[in-house]
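> A structural model of the following input is requested.
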Amino acid sequence: MPQLALDGAALTYDDEGPRDGDGVPLVFIHGWTANRHRWDHQMAHFAPKRRVIRLDLRGHGESDGSARTIEELAADVLVLLDQLKVDRFIPVGHSMGGMIAQTLALGHAERIERLVLVNSISRMTYSRGRGLLMAASTLAPFKLFVAANIQRAFAPGYPREEIREYIRASSATPREVVMTCYAAMRSFDVLDRVGEIRTPTLLVHGYHDIQLPVAQMLRMAKAYPDALVRIVDAGHELPVEKPAELTSALDSFLTSRA
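As a prediction, the model looks like this:
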């Protein structure tokens, strides 16, 4: 379990696969209150043939520290890749990880081969009522706040016991990290800039996602100059709800011509 020491943090990561394998490295970036194991299926599939890297973001999983903005989390990813001597790469980001991936693509286009966003958007948009409800939810007891958000992330019919396991894991994330990252996601807005991202982009989204609805993703997709959209019968937690379908979509995208 390698770790990278940063200012005020230690990032835990995995770096697997052949250095001379097929294509540039894949870099998997998880979402809010999650950890690098969201990508177990994809790591197992791609590591035999190409270099794959995943990390626990600050304060998540087996990493410590905290961050206040999406930009700070994106900077951590770059520091890790520089340490691993990775120049060009393909970021694959889920939810908040997709916001980090977009930040990387906008700030470091020369390093991005392709871009993959899973259940992610460029701007969080709510009705006035929904916005007030979300703001009020932050006043709830911490564990209740986390449980409510994780519960609604899964499509109807997903096994309850498995959801409870994810709730327990998410609740172990420090409160400061949970709340600062929650605020960072709510304030994230690059919708007016995504037209600058010229690299081929895959947008994979769960049809039943009520955290970041499909309609908001489609609004984002229209702004991308070169985007492929895949809708999957899943909720917001697509990497664990339908891992094989996500891996298949990613595999097809990576082997297609730009």
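> For the longest strand seen in the chain, report the contacting residues that lie outside it.
Across the chain, the strand with the greatest residue count (assigned by DSSP state E) is strand 9-16. For strand 9-16, the surrounding residues in contact (Cβ atoms under 8 Å, 6 or more residues apart in numbering) are 1-4, 36, 43, 47, 51-59, 61-66, 76, 80, 84. For the C-beta atoms, the positions are set from N, CA and C on the backbone; glycine is no exception.
> Restricted to strands, list those.
3, 4, 52, 53, 54, 55.
> And the longest strand of the chain, what's buried?
For strand 9-16, a neighbour-count test (16 or more other Cβ atoms under 10 Å) marks 9, 11, 12, 13, 14, 15 as buried.
> go on, stretch 80-97?
When burial is assessed from 16+ other Cβ under 10 Å, stretch 80-97 yields the following buried residues: 80-81, 84, 86, 89-97.
> Next, the distance between the ends of it.
From its first residue to its last, stretch 80-97 covers 15 Å (Cα to Cα, to the nearest Å).
> for residue 219, helix, strand, or coil?
Look at residue 219: counting by DSSP: H, G, I helix; E, B strand; the rest coil, its state is helix.
> To what extent is it buried, counted in neighbours?
Around residue 219 sit 15 other residues, with neighbours defined as other Cβ atoms under 10 Å.
> So what's the residue count around residue 46?
The burial count for residue 46: 25, using other Cβ under 10 Å.
> residue ranges with poor pLDDT in the stretch 51-200 of the chain?
Judged by pLDDT under 70, the stretch 51-200 of the chain has its weakly predicted residues at 126-140.
> Is residue 202 within a helix or a strand, and which one?
Residue 202 is located in strand 201-206, with elements delineated by DSSP states H and E.
> which outside residues touch that strand?
114-120, 155, 212, 214, 217, 220-221, 224, 226-238, 241-242, 246, 249-250, 253.
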